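Undergrad: I'll drop the sequence and a predicted model, then ask my questions.
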Amino acid sequence: MKTFRKSYGLMILAMAVLQIQTASAQYAEDVLRLSQFGSTVGARSQGMGNTVVGVADDYSALFGNPAGLSQQKNFEFSIGLSRLGYGNDVTFFGNKTTDNNNAINLNNLGLVYPIATSRGGLTFAFGFGRVANYSSVASFDGFNPGSSIIRSFSPYNGLNNEEFDLLTLSKPAADNLVSSHLPFNLYLADTSNDFLYPLLTDSVQQTAKILEGGGMNHWSFGGGIDIAPNLSAGITLNFASGTYSYDREFTESDPRNIYHSFPYNFSHWTYSSTINSDITGFNALFGLMYRKPGKYRVGGTIRIPTTYEISETFSDRGVSTFDDGAVYSYPPASDAPSETKYKVTTPLVLSGGISIQVLDWLMLAGDAEYTDWTQMQFESDNPDLIQENRYIKDWMRETVNLRGGVEATIYDWGMFLRAGIESKPSPWKNDPSSYDQMVYSAGIGLLIDGNSTINASFAYGNWKTKRDNYNWGTSPASQTSEAVTTQTINLTFSHQF
């Protein structure tokens, strides 16, 4: 999820010099969002705690460990749907606000295609998989006695807590900053003696709602081949495409009538920020698997770093209202959204897994996944993004995700019962253990006619996090505490022929 250790929509010095009126900034969270996957493809794997590396004997192997595809001797068609329910309890200055967001998506669609061989196995697969969902929500409402978001629109020079010295800029840059400064154009900031200062400094009611949407899809082609008795290798080529949307409406008001006289006869103002991104990329997944038929399977994978290209449109808009009825808006509604393009690179991911056939009807499985999050980076000559790469090195850490699952087969009923658990430590270096994501899952499978199977799964996740609403300089000036829960339902139909 997006933890917002930095905030969107800040007017920074470089943008003032470049005469950019609206503000879009890329932060560590942008790379992190693209580097993390959600539930595995398919209801069977999700029902077993997302374990797949040491199981990988159906269509989901294409996305988890392609070496396992060589076990598949029949053609298989697979299609599935998923529903994500995202709930968030946000605490802000003692007030708790609960909000929810839901998303329904095609989870997978594809075909497994075995090749007849005289010995061993050779199997290909191709299709679609939904590997990440970016839907989230956060809402809060509370009285902030210590700050206003308005100050965050001016470059920070450490002079004092309220004013910005325009003499630190060249005259053209200072003129541009003032002319494009959103609070200034809304009569919420003013200039005096070469200083730009906010008219609102603290003691305001702050209300916000943040909605995120979109997700990442893999269009994949891969295969697995036996390279020795009971030993197989595989590769999957993933062509990634996705979208991301961000919509924040942030309102400050004066319910206690503190700002009641000129020039402070302020009623309320709303600051709206939107971001819409189109994402493309490519990566490859390499896998190995050793099998002891009827006993156990051991697998390992390497996912190479992904380079994503992001095309982004963004806009910021404000509307202010005063006690005398005056209303101001900026920029004009006719202004088109701004555009930008950039690249990010995600880390290498190493995974290992094992499944053990404890009894004829009982299988245990477990995975471990290693990621060094300090290897995320922006690919750019922009000095601000280069600085963000330095922050990534300082703020991120290595993690090992652990997954475990069990599958019990009731042969007389043609039924499979599953359960699992997944632990995903926070990639942020100084986060407490309460920020680690825990996911608990259960699932069921029904064999319909000997060739068709319906699998259903439910996964419940919970963790805590925080959100920076806006910064002063590099330090957060306003934060919320969040308790997140997710409920994911996955339904998959497969047919072998």
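TA: That came in fine, so what should we check first?
Undergrad: okay, CA-based contacts and neighbour counts for the rest of this
TA: Noted.
Undergrad: quick check: residue 472 touching residue 151?
TA: Yes - between residue 472 and residue 151 there is a contact under CA atoms under 8 Å: 7.3 Å.
Undergrad: and the two? Which one has more around it.
TA: residue 151 (29 against 20; other CA atoms under 10 Å).
Undergrad: which residues in the stretch 151-300 of the chain form helices?
TA: Along the stretch 151-300 of the chain, counting by DSSP state H, counting those that start in this stretch, helices occupy 171-180, 182-185.
Undergrad: just say which of those is most tucked in.
TA: For the helices of the stretch 151-300 of the chain, the largest average neighbour count (mean count of other CA atoms under 10 Å) is found in helix 182-185, namely a mean of 23.
Undergrad: need the contact list for residue 351.
TA: By CA atoms under 8 Å, 6 or more residues apart in numbering, the residues touching residue 351 are 53, 300-302, 367-370.
Undergrad: repeat that for 7 Å
TA: Residue 351 sits next to 300-302, 368-370 when contact means CA atoms under 7 Å, 6 or more residues apart in numbering.
Undergrad: same check on residue 310?
TA: Shown in contact with residue 310 (CA under 7 Å, 6+ apart): 277-280, 341-343.
Undergrad: grab the nearest non-local neighbour of it.
TA: residue 279 (4.7 Å; CA to CA, 6 or more residues apart in numbering).
Undergrad: secondary structure class for residue 325?
TA: coil (DSSP: H, G, I helix; E, B strand; the rest coil).
Undergrad: quick check: it vs residue 250, distance?
TA: 20 Å (CA to CA, to the nearest Å).
Undergrad: settle it for me: which of those two has more neighbours?
TA: The residue with more neighbours, out of residue 325 and residue 250, is residue 250; 21 against 9, by other CA under 10 Å.
Undergrad: that one contacts residue 272, doesn't it?
TA: Yes - counting by CA atoms under 7 Å, residue 250 does reach residue 272; the two are 6.3 Å apart.
Undergrad: returning to that earlier point: buried subset of the contacts of residue 351?
TA: Neighbour counting over the contacts of residue 351 (16 or more other CA atoms under 10 Å) leaves 300-302, 368-370 as the buried ones.
Undergrad: take those residues and keep only those in strands.
TA: Judged by DSSP state E, strands contain the following of the buried ones among the contacts of residue 351: 300-302, 368-370.
Undergrad: closest to residue 213 out of those residues?
TA: Among those, residue 369 lies closest to residue 213 (CA to CA), at 26.1 Å.
Undergrad: which residue comes closest to that closest one once chain neighbours are left out?
TA: Using CA to CA, 6+ apart and skipping the chain neighbours, the partner closest in space to residue 369 is residue 351 (4.3 Å).
Undergrad: paired strands for the one helix or strand that neighbour maps to, with orientation please.
TA: Following DSSP states H and E, one finds residue 351 within strand 349-359. Strand pairing for strand 349-359, determined by DSSP bridges: strand 296-303 (antiparallel), strand 362-372 (antiparallel).
Undergrad: CA atoms only for it - export them in PDB, please.
TA: Extracted in PDB, the C-alpha atoms of strand 349-359 (Å, rounded to 0.1, in the frame of the first residue of the first chain):
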ATOM      1  CA  VAL A 349      13.400 -10.900  -6.200                       C
ATOM      2  CA  LEU A 350      14.600 -14.400  -5.100                       C
ATOM      3  CA  SER A 351      12.200 -17.000  -4.000                       C
ATOM      4  CA  GLY A 352      12.300 -20.600  -2.700                       C
ATOM      5  CA  GLY A 353       9.600 -23.100  -1.900                       C
ATOM      6  CA  ILE A 354       8.800 -26.600  -0.900                       C
ATOM      7  CA  SER A 355       5.700 -28.800  -0.900                       C
ATOM      8  CA  ILE A 356       5.600 -32.100   1.000                       C
ATOM      9  CA  GLN A 357       3.000 -34.800   0.500                       C
ATOM     10  CA  VAL A 358       2.700 -35.800   4.200                       C
ATOM     11  CA  LEU A 359      -0.100 -38.300   3.500                       C
END
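Undergrad: buried residues, that strand. List them.
TA: 349-357.
Undergrad: show me where pLDDT drops low in the chain?
TA: 1-25, 156-162, 262-263, 473-474 (pLDDT under 70).
Undergrad: scan it for its longest strand.
TA: Assigned via DSSP E, the chain shows its longest strand as strand 266-292.
Undergrad: adjacent strands (with direction) for that strand?
TA: strand 231-253 (antiparallel), strand 296-303 (antiparallel), strand 307-322 (antiparallel).
Undergrad: gap between the first one and the chain center?
TA: Centroid separation between strand 231-253 and its chain, computed with CA atoms, centre = their mean, to the nearest Å, is 6 Å.
Undergrad: the second one too?
TA: Here strand 296-303 shows a centroid-to-chain-centroid distance of 26 Å under the convention CA atoms, centre = their mean.
Undergrad: repeat for stretch 457-477
TA: Put simply, stretch 457-477 sits 11 Å off its chain's centre (CA atoms, centre = their mean).
Undergrad: just stretch 108-127 next, same as before
TA: 32 Å.
Undergrad: would you mind measuring the gap between the ends of it?
TA: 7 Å.
Undergrad: buried stuff in it?
TA: Buried residues in stretch 108-127, counted by 16+ other CA under 10 Å: 108-114, 120-127.
Undergrad: returning to what we had before: save the buried ones among the contacts of residue 351 as a markdown table, and put in distance to residue 459 too.
TA: Formatted as a markdown table, the buried ones among the contacts of residue 351 follow (distance: CA to CA, whole Å):
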| residue | distance to residue 459 |
| --- | --- |
| 300 | 24 |
| 301 | 24 |
| 302 | 26 |
| 368 | 19 |
| 369 | 19 |
| 370 | 22 |
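Undergrad: for residue 310, name its beta-bridge partners.
TA: Assigned bridge partners for residue 310, using DSSP bridges, are residue 279, residue 342.
Undergrad: what sits against residue 188?
TA: Listed by CA under 7 Å, 6+ apart, the contact partners of residue 188 are 198-200.
Undergrad: what do you get if the cut-off is 8 Å, keeping everything else the same?
TA: Contacts of residue 188 (CA under 8 Å, 6+ apart): 150, 198-200, 320.
Undergrad: max pairwise distance over the residues you listed: which two?
TA: 198 and 320 (13.7 Å).
Undergrad: how many neighbours does residue 324 have?
TA: Residues near residue 324, counting by other CA under 10 Å: 9.
Undergrad: backbone phi and psi for it, please?
TA: Phi and psi for residue 324, reported as degrees, to the nearest 10, are phi -80, psi 0.
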